[in-house]
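*Asks:* pasting the structure only:
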């Protein structure tokens, strides 16, 4: 009660609770089978200073603190690993603090979600470039930066959202508040770059999965939103993995996103094309036996848009059997994806095929473009080898999309679809970990680790001994009592 009373003293009774019927909501994420543990206390601060006080109190009581944004994590990253946890709900911290149209930056509290921020920016003719995680409209800025997120839109042109962060304010596990980026200088009025005063210390807190500090405010690059766009959708020949690789490599040879204005490039392999069955998407894809690609390009000039579109169309036609479209009803997804802001809703069509009770036990990874056909073939082989195990666990394996990034690499949206059946959870987790191990041993890189991914990385001895020891020393320095997201990376 003493801990609870002190926390109430920081935010007031309205924004702090230890009632199980409220805290139970924070025991859940988007994963289907990791243990649901009700936190001891849930608290909703409204400022960096309040978070600093909360962490200082937690340190005094040696109680874990778990930051949570939109709760859209797919690997258990936003829910407790043990009951003695203060769940820090950041969604009250959702203010836009500054839109700098001259220097093309926006500063926000990290509890705001990507869709709300971009809705405000659109009104001013800007956007964040990368539209954030593919996991949903409610994904928060802080969550995206904690996971190197992408996939929601714009990855091919702008890269991961962490690549677009130029300023950060963080509360350490000691309760201390630090700023990172160019604002480290007391003479810099507004942050504009993350580099310049020595080592890139901001990088410690990007992709940290909430283990190194609590992100409270962030400054992101923003970009003028081009007024013109177009896109094409193509059915790829039967040997679709290699054909898609050829398309991408030829596009790279012609300048990729910078010269051709490519905003996004998605490949949907069979049978995931069957998942796109809603009115807003493409019912015609259900008749397609192979894979599908679609790309969107942007431009500030209509003539440039037309020329670039023709270059890309010529490349795609070499390796496809037919173009789908021109309308979405006829198979061209791009107007809905970009024009109607369907970015976040296209990312996991595979699971709509499987039914409403299935959720993603995702094994999303990054790989170089040269490797993705091999990875996809390996996933096909893994599925075949584990056919009986998947059947027994009432699970399915597949790849939803391959999403191109801005520097010769891509995301592979692989994973399992599984139910919440209590009797099958252990079997699903074992299959989930096994697929992770396959991908890591094939040279893939995790970006969203959460609970399960960070455990697999450590348990598979992926890190060298010296690297992991250094990692632990940095963790000890910024969080000496190990109260921030304990359990991740086996800390």
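*Replies:* Nice, thanks for sending it over. It should be emphasised that the depicted structure is a prediction, and the values quoted were computed from it without experimental measurement.

*Asks:* Stretch 397-415: which residues count as buried?
*Replies:* 397-406, 409-415 (16 or more other C-beta atoms under 10 Å). The C-beta positions use only the backbone N, C-alpha and C, and glycine is treated the same way.

*Asks:* Any idea how far apart the tips of that stretch sit?
*Replies:* 6 Å (C-alpha to C-alpha, to the nearest Å).

*Asks:* so where do the helices sit in the stretch 351-491 of the chain?
*Replies:* 372-385, 387-392, 425-441, 450-459, 465-478 (DSSP state H, counting those that start in this stretch).

*Asks:* go on, the stretch 201-350 of the chain?
*Replies:* 240-253, 256-260, 302-319, 334, 350-354.

*Asks:* Contacts made by the fourth one with the rest, please.
*Replies:* Around helix 334, the neighbours that count as contacts under C-beta atoms under 8 Å, 6 or more residues apart in numbering are 230-233, 294-296.

*Asks:* swap in stretch 234-242?
*Replies:* With C-beta under 8 Å, 6+ apart as the criterion, stretch 234-242 contacts 243-244, 247, 267, 269-270, 288-294, 316-317, 319-324, 331, 372-373, 376-377.

*Asks:* tally of neighbours for residue 69?
*Replies:* Per other C-beta atoms under 10 Å, the neighbour tally for residue 69 reads 29.

*Asks:* Next, the contact list for it, please.
*Replies:* Residue 69 neighbours (C-beta under 8 Å, 6+ apart): 78, 90-91, 110-111, 113, 139-143.

*Asks:* so what are the domain limits for this protein?
*Replies:* Annotated domains of the chain cover 2-92, 96-224, 228-345, 350-459 [automatic domain parsing].

*Asks:* Mark which of the contacts of helix 334 are part of strands, please.
*Replies:* Residues of these located in strands (DSSP state E): 230-233, 294-296.

*Asks:* What is the nearest of these to residue 343?
*Replies:* residue 296 (9.8 Å; C-beta to C-beta).

*Asks:* List the residues that contact the residue lying closest to residue 243 once chain neighbours are set aside.
*Replies:* Spatial nearest neighbour of residue 243, excluding adjacent residues (C-beta to C-beta, 6 or more residues apart in numbering): residue 319 at 4.2 Å. Applying C-beta under 8 Å, 6+ apart to residue 319 gives the contacts 236-237, 243-244, 246-247.

*Asks:* Recalculate using a threshold of 6 Å.
*Replies:* The neighbours of residue 319, taking C-beta atoms under 6 Å, 6 or more residues apart in numbering as the test, are 243, 246-247.

*Asks:* do residue 206 as well
*Replies:* Here residue 206 is in contact with 145, 162 (C-beta under 6 Å, 6+ apart).

*Asks:* for residue 83, same thing?
*Replies:* Counted by C-beta under 6 Å, 6+ apart, residue 83 has contacts 37, 40.

*Asks:* Kindly report the same for residue 29.
*Replies:* Neighbours of residue 29 in contact, by C-beta under 6 Å, 6+ apart: 73, 76, 78-79.

*Asks:* swap in residue 251?
*Replies:* Contacts of residue 251 by C-beta under 6 Å, 6+ apart are residue 315.

*Asks:* Quick check: it vs residue 330, distance?
*Replies:* Distance, residue 251 to residue 330, using C-beta to C-beta, to the nearest Å: 24 Å.

*Asks:* pLDDT weak spots in the stretch 251-400 of the chain?
*Replies:* Scanning the stretch 251-400 of the chain for pLDDT under 70 picks out 257, 271-289, 347-356.

*Asks:* number of nearby residues for the closest residue to residue 158 other than its chain neighbours?
*Replies:* Among residues not flanking residue 158 along the chain, residue 129 sits closest, at 3.4 Å (C-beta to C-beta, 6+ apart). Counted by other C-beta under 10 Å, the residues lying close to residue 129 total 23.

*Asks:* in terms of contact, does residue 129 touch residue 223 like I think?
*Replies:* Yes - counting by C-beta atoms under 6 Å, residue 129 touches residue 223, with 4.8 Å between them.

*Asks:* Low-confidence ranges, the stretch 101-250 of the chain, go.
*Replies:* 238-239.

*Asks:* in it, which spans are strands?
*Replies:* Shown for the stretch 101-250 of the chain, the strands assigned by DSSP state E, counting those that start in this stretch span residues 105-109, 126-127, 165-171, 177-181, 214-221, 223-224, 228-236.

*Asks:* winner for burial among those strands?
*Replies:* strand 214-221 (a mean of 27; mean count of other C-beta atoms under 10 Å).

*Asks:* Can you say which of the strands of the stretch 101-250 of the chain is nearest to residue 25?
*Replies:* The minimum distance between residue 25 and these falls on strand 214-221, with 20.2 Å, by C-beta to C-beta.

*Asks:* Among the contacts of residue 319, the buried ones, what's the PyMOL command?
*Replies:* Of the contacts of residue 319, the buried ones can be selected in PyMOL as follows, counting by 16+ other C-beta under 10 Å:
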select buried, resi 243+247
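
*Asks:* tally of neighbours for residue 12?
*Replies:* 11.

*Asks:* Look up how far residue 45 lies from it.
*Replies:* 10 Å.

*Asks:* What residues does the residue minimising distance to the centre of the chain make contact with?
*Replies:* For the chain, residue 149 is the residue whose C-alpha lies nearest the centre (C-alpha atoms, centre = their mean; 3.0 Å). Taking C-beta under 6 Å, 6+ apart, we find residue 149 in contact with 133, 161.

*Asks:* heads up, I number from 253, so please use that
*Replies:* Yes, from this point I'll number from 253; that puts the last item at residue 401.

*Asks:* quick revisit: can you tell me which of the helices of the stretch 453-602 of the chain is nearest to residue 415?
*Replies:* helix 508-512 (12.9 Å).

*Asks:* So what touches that closest one?
*Replies:* Residues from elsewhere that reach helix 508-512 (C-beta under 6 Å, 6+ apart): 408-409, 560, 658.

*Asks:* How about stretch 729-743?
*Replies:* Here stretch 729-743 has contacts from 310-311, 314, 316-318, 333, 424-425, 461-465, 706, 710, 727, using C-beta under 6 Å, 6+ apart.

*Asks:* For residue 261, grab the count of nearby residues.
*Replies:* Residue 261: 12 neighbours (other C-beta under 10 Å).

*Asks:* about what we covered before: need the ones in strands among the contacts of helix 586 in CSV with distance to residue 679, can you?
*Replies:* Shown next, in CSV, are the ones in strands among the contacts of helix 586 (distance: C-beta to C-beta, whole Å):
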residue, distance to residue 679
482, 46
483, 41
484, 42
485, 37
546, 35
547, 38
548, 39
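
*Asks:* Run a quick neighbour tally on residue 505.
*Replies:* With other C-beta under 10 Å as criterion, residue 505 counts 9.

*Asks:* again with residue 308
*Replies:* 16.

*Asks:* can I assume it is in contact with residue 427?
*Replies:* Yes - between residue 308 and residue 427 there is a contact at 3.5 Å, judged by C-beta under 6 Å.
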